[in-house]
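A.B. asks: Need a 3D model of the following:
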Amino acid sequence: MFATEAGRRFWERTREHRMTVAKNRRHARFAGILDGVWKATPAPTPRTAAAALVGVLVWVRRGRGRRVS
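C.D. replies: Numbering: from 1, shown residues only. Below is the predicted model:
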């Protein structure tokens with residue numbers, strides 16, 4: 001999630017809200033885990049962002065991104 005600039009920006013914009021509106025300890029812990037990973041993950045470089053995109057494209061190409069009705 002944080003390998004791309006979009007993922008990092010998303011968490012930067014929503015982290016405070018998600019941490020404060022957690023409904024219970026489980027939600028607060030999950031938000032805390034995400035926050036810890038966000039802090040530990042280095043900012044993406046163009047090379048790591050491209051690698052993350054290739055991984056997503058391979059995942060979708062193999063049919064893992066299909067919706068099941």
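A.B. asks: Show the residue spans covered by the helices in the protein.
C.D. replies: Assigned by DSSP state H, the helices in the chain fall at 5-20, 25-40, 46-61.
A.B. asks: pLDDT averaged over the last one - what is it?
C.D. replies: Throughout helix 46-61, pLDDT has a mean value of 63.
A.B. asks: and if you look at the second one?
C.D. replies: With pLDDT averaged residue by residue, helix 25-40 scores 92.
A.B. asks: mind listing what's buried in that helix?
C.D. replies: The neighbour-count check on helix 25-40 (16 or more other Cβ atoms under 10 Å) flags A31, L34, W38 as buried. Using the backbone N, CA and C atoms, a C-beta is placed for each residue, glycine as well.
A.B. asks: Nearest to M19 among the residues you listed?
C.D. replies: Here the nearest of those to M19, counting by Cβ to Cβ, is A31; it sits at 5.0 Å.
A.B. asks: so the closest one touches V21, yeah?
C.D. replies: No: the criterion here is Cβ atoms under 8 Å, and A31 misses it with V21 at 9.0 Å.
A.B. asks: wait, isn't G7 in contact with M1?
C.D. replies: Yes: the criterion here is Cβ under 8 Å, and G7 meets it with M1 at 4.4 Å.
A.B. asks: Of the two, give the one with the bigger neighbour count.
C.D. replies: Neighbour count, other Cβ atoms under 10 Å: between G7 and M1, G7 has more, with 16 against 13.
A.B. asks: And that one, how far from R13?
C.D. replies: Here G7 is placed at a distance of 11 Å from R13 (Cβ to Cβ, to the nearest Å).
A.B. asks: what do you get for D35?
C.D. replies: For D35, the distance to R13 - Cβ to Cβ - is 13 Å.
A.B. asks: need the contact list for the closest residue to W38 other than its chain neighbours.
C.D. replies: Using Cβ to Cβ, 6 or more residues apart in numbering and skipping the chain neighbours, the partner closest in space to W38 is W11 (4.9 Å). Contacts for W11 (Cβ atoms under 8 Å, 6 or more residues apart in numbering) come out as M1, F2, L34, D35, W38.
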